[in-house]
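S.K.: whatever this is, show me its structure:
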Amino acid sequence: MNLSKFPKIELHLHLDGSVRPSTVSNILNLNKKDVEKEMIVDTSCNDLNDYLTKFDLPLTILQTKNNLIKVSEELANDLKKDGIIYAEIRFAPILHTNNGLSCEEVIEAVIEGISMVDIKINLIICLMRNVSEEDNYKVINAGLKYINNKVVGFDLAGAEAIYKTSNFKELFKYISKYNIPFTIHAGEADGIDSIKSAIEFGAKRIGHGVRIMDDVNMIKYAKDNNITFEVCPTSNIDTKIYKEYKEHAIKKMYENNLNITINTDNRTVSNITLTEEYNKLINIFNFSLEDIKNMNITAINASFISDIDKENLKQEYILKYNKFIKNGENNE
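M.R.: Numbers count the residues shown, from 1 in each chain. Have a look, this model is predicted:
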């Protein structure tokens with residue numbers, strides 16, 4: 001089944017985890033195969049902490065304005081080729097300041113890069129669990145300057161099991177004062193308590209969140225409070241949350257009527273496209289195209305854009321979906 005033209009929405013995608021290995025290879029003048037080994041996980045990956053080491057090499061090149069522009073433009077083109085009509089790309093500005101760029105300059109470079117491609121993309125600014133509180137406040141204040149200029153929300157990323165979500169309450173209290181939406185990585189490497197903390201802080205979206213299935217009461221609470229889960233199945237296999245794809249909780253989450261969206265997390269690190277992710281869901285879990293359409297509509301409803309923009313995007317999505325079905329493109 002050719003799903004490359006199936007219209008897609010992606011809400012959980014990391015810029016630094018989606019850099020083309022060829023770009024890193026060219027900039028650093030390294031052998032491409034060696035670069036791929038450093039950037040793409042294999043079966044020897046033990047957990048999330050191990051997975052996160054794959055970001056080290058791309059981050060070495062993402063310290064200049066020109067490289068940030070280039071990589072952002074390339075990712076936008078990759079998404080367009082993958083049939084994505086709207087995406088929210090996330091990145092942590094503080095990780096790109098090692099050579100003297102300010103957080104503002106980093107954000108502006110990414111905005112410039114994505115704006116060079118004819119595709120709807122907005123940005124989510126990541127706070128990091130392993131940096132100082134001072135640096136995270138610096139990132140928040142930088143991000144606030146670009147709200148309504150491509151930046152639409154915030155996130156908390158990093159080693160979840162080591163740096164507990166509950167430790168970051170004050171940061172999200174501060175963001176909430178500005179009425180800016182946010183998502184939080186939770187219920188991935190850490191358990192149900194991280195999801196509880198994220199929801200208590202006011203997160204309407206949870207990055208990953210698969211551990212929600214460990215607690216019946218939290219499933220009900222998430223449904224009652226319209227929480228959306230940004231599910232990244234292949235990434236969860238890579239980080240050993242599940243041994244095999246068929247063990248993933250996504251089908252149970254869907255059957256429990258939780259709001260779920262489908263995402264790649266890191267196109268390069270997990271060596272996955274959204275087209276390939278959809279094919280896995282169809283082949284392994286027997287999801288229908290209608291199911292996947294429903295999850296994309298859920299993604300539009302949960303996106304960090306205005307209600308008017310959501311309605312317009314929903315209309316565009318339905319038109320493209322109907323065209324896809326009518327033309328029999330799924331049978332190409």
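S.K.: how about low-confidence regions in the stretch 201-332 of the chain?
M.R.: For the stretch 201-332 of the chain, the stretches flagged by pLDDT under 70 are 329-332.
S.K.: ok, Glu244 - contacts?
M.R.: Ile237 (C-beta atoms under 8 Å, 6 or more residues apart in numbering). C-beta coordinates here come from the backbone N, C-alpha and C atoms, glycine included.
S.K.: ok, so what distance separates it from Leu274?
M.R.: Using C-beta to C-beta, to the nearest Å, we find Glu244 at a distance of 21 Å from Leu274.
S.K.: and the helices in the stretch 201-332 of the chain?
M.R.: For the stretch 201-332 of the chain, applying DSSP state H, counting those that start in this stretch gives helices covering 216-224, 233-238, 250-255, 274-285, 289-302, 307-326.
S.K.: which of those helices sits most buried?
M.R.: helix 233-238 (a mean of 24; mean count of other C-beta atoms under 10 Å).
S.K.: picking up where we left off before, closest to Lys8 out of the helices of the stretch 201-332 of the chain?
M.R.: Lys8 lies closest to helix 274-285 among the helices of the stretch 201-332 of the chain, at 5.0 Å (C-beta to C-beta).
S.K.: can you list contacts of the closest one?
M.R.: Here helix 274-285 makes contact (C-beta under 8 Å, 6+ apart) with 1, 3-4, 6, 8, 10, 82-84, 233-234, 245-246, 250-251, 262-264, 287-289, 291-292.
S.K.: where exactly do the strands run in the stretch 51-200 of the chain?
M.R.: All strands of the stretch 51-200 of the chain, identified by DSSP state E, counting those that start in this stretch, fall at 84-91, 120-128, 151-157, 183-186.
S.K.: packing partners of the last one?
M.R.: Just to be clear, that refers to strand 183-186. Counting by 3 or more C-beta pairs under 8 Å, 6 or more residues apart in numbering; DSSP states H and E, the packing neighbours recorded for strand 183-186 are strand 151-157, helix 192-201, strand 205-208.
S.K.: sheet-wise, list the partners of that strand with their directions.
M.R.: strand 205-208 (parallel) (DSSP bridges).
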